[in-house]
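Student: Got a sequence here, can you model it:
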Amino acid sequence: MEERPTVELYNLDHGFNRPGSHRFGPYEFHITQADVDAQSQLTRHGRTEFTHDENHRRVVVRTDAVPGAIVKTATVSLVGNLPHAPNLLEAGVDDAGFGDLALLLSFLTGRQVLTPGMITGTESSHYGERVVGGNYFLCNGTAWPQVDQIAAQGLTPALWAMVNSKRVRDLIGQMLYASSAFDAISTRWAKTGMPKRSSEAKKRINEVSRSIEAVLEESFVDRELISYKNKISSIFEVSAVHKTTEFLASIGLVDLENDEAKKRVVHINRVRNMVVHEANIPSDLHADKNRGMEIAVLITVITQEITCLRLADVAGVSDHQVERSRAELRSFFDSGVFRGQRVFDETFEQFSARLEDEWTTPQADRAEW
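Tutor: I've put the predicted structure just below:
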């Protein structure tokens, strides 16, 4: 019997709670009891759960963050035929496509997934939010994301950037990666998705451009003239905010009839631009500097979520978590509420207190407030 290409995987939070073998597209995960147990050694963020105690009363349970390590959590074998060329995502040259698999798993789980040959000993165990739910690999079966579409649309660098955005700890680094990925995706869309100018509009632009040029020729010496003439065409370029708004509308996140939604697009672009160009956040996001930082953090998360959602859609990733993310993003642009928090109107502390009160206080008692 021909030996199947096999490799160990490190830092994969697969969600399996018992030993077994599970298909994922052309691959098969082999999970031992040691792999199941090893998941408890992975880094975990702190968590707040709204649940019930043994007497069925509503309670809030907080779990502290747990530091961890990068450990082996699975072994994977190529058991079917790859539906595309190996190394399509340029994540490692091997005939079995294990490099591309590790990159894809990193994107889906928010953690950097590694094969033994990738480990240098300097990896951070920090991780970001998952694109898919914890049961994705249990339910997915032989379905395989269309990574060939990622490559065909030139979005491989954006995929890499989003994986890196989840790995870094600092806000500026996260936004730099996420913003570059966002720009790559929206620019790719604009090449074919932006409404084209009519012939009449192009004609008027040319006429106005010639008029401006004539005024410049009368007003400036040659050296100054060259500088200003080169800027004429930029006057008529579509603004970054307009392009972003049209892109978000095209993927169903922004209602073009909602002026408040458009204002929230402006907020996102302002934060993205200042981070990229000045490695800072706008000082006027809020009069309270701490609140401004909280808003910037949320806008960074929203930028990450938009980018991940688009990549998931291009790759045909189907999961309840993807749809939940879509609904949360729509809520933000429609009403300014993201994951239940009034982004511009309440602090995280106020939001947490409100959620706890709403969960633990009976409806009848709240009606009397």
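
Student: CA only for contacts and neighbour counts going forward, please
Tutor: Will do.

Student: what's the burial count for Pro5?
Tutor: Applying other Cα atoms under 10 Å, we find 14 other residues in the vicinity of Pro5.

Student: just the helices in the stretch 51-200 of the chain please.
Tutor: With DSSP state H, counting those that start in this stretch as the criterion, the stretch 51-200 of the chain has helices at 98-109, 136-140, 147-152, 156-167, 171-193, 199-219.

Student: same for the first one, what does it pack against?
Tutor: The elements that helix 98-109 packs onto, with contact taken as 3 or more Cα pairs under 8 Å, 6 or more residues apart in numbering; DSSP states H and E, are helix 156-167.

Student: Looking at the helix it packs on now, give me its mean pLDDT.
Tutor: The pLDDT scores in helix 156-167 average 95.

Student: So which bits of that helix are buried?
Tutor: For helix 156-167, the neighbour count (16 or more other Cα atoms under 10 Å) marks 156-167 as buried.

Student: Same question for stretch 117-125.
Tutor: Ser125.

Student: Mind putting the helices of the stretch 51-200 of the chain into TSV with distance to Ile251?
Tutor: Shown next, in TSV, are the helices of the stretch 51-200 of the chain (distance: least, Cα to Cα, whole Å):
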stretch	distance to Ile251
helix 98-109	20
helix 136-140	23
helix 147-152	16
helix 156-167	17
helix 171-193	10
helix 199-219	26
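
Student: rewinding a little: would you turn the buried residues of helix 156-167 into TSV with distance to Leu256?
Tutor: Formatted as TSV, those follow (distance: Cα to Cα, whole Å):
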residue	distance to Leu256
Thr156	30
Pro157	29
Ala158	26
Leu159	28
Trp160	31
Ala161	29
Met162	27
Val163	31
Asn164	32
Ser165	29
Lys166	31
Arg167	34
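
Student: which residues touch His267?
Tutor: Counting by Cα atoms under 8 Å, 6 or more residues apart in numbering, His267 touches no other residue.

Student: cutoff 10 Å now
Tutor: Going by Cα atoms under 10 Å, 6 or more residues apart in numbering, His267 touches 241, 282, 285, 295-296, 299.

Student: next one: Leu355
Tutor: 50, 60, 340-341, 361.

Student: returning to that earlier point: closest one of the buried residues of helix 156-167 to Arg272?
Tutor: Within these, the smallest distance to Arg272 is 13.7 Å, found for Ser165 (Cα to Cα).

Student: Isn't the closest one up against Glu305?
Tutor: No - in this structure, Ser165 is not within contact of Glu305 by Cα atoms under 10 Å, at 11.2 Å.

Student: hey, what's in contact with both of these two?
Tutor: Counting by Cα under 10 Å, 6+ apart, the contacts common to Ser165 and Glu305 are Ala178.

Student: Can you pull up the most central residue in this structure?
Tutor: Centroid-nearest residue in the chain: Gln304, 2.8 Å away (criterion: Cα atoms, centre = their mean).

Student: picking up where we left off before, identify the farthest-apart pair in the contacts of Leu355.
Tutor: Farthest pair in the contacts of Leu355 (Cα to Cα) is Gln341 and Thr361. Separation: 18.7 Å.

Student: what about the two, which has more around it?
Tutor: Higher neighbour count among Gln341 and Thr361: Gln341, with 19 against 13, using other Cα under 10 Å.

Student: contacting residues for Asp95?
Tutor: Contacts of Asp95 by Cα under 10 Å, 6+ apart are 5, 78, 82, 85-87.

Student: Those residues in strands, which ones?
Tutor: Assigned to strands by DSSP state E, the following of the contacts of Asp95 qualify: Leu78.

Student: count of neighbours near Gly46?
Tutor: For Gly46, the neighbour count with other Cα under 10 Å is 10.
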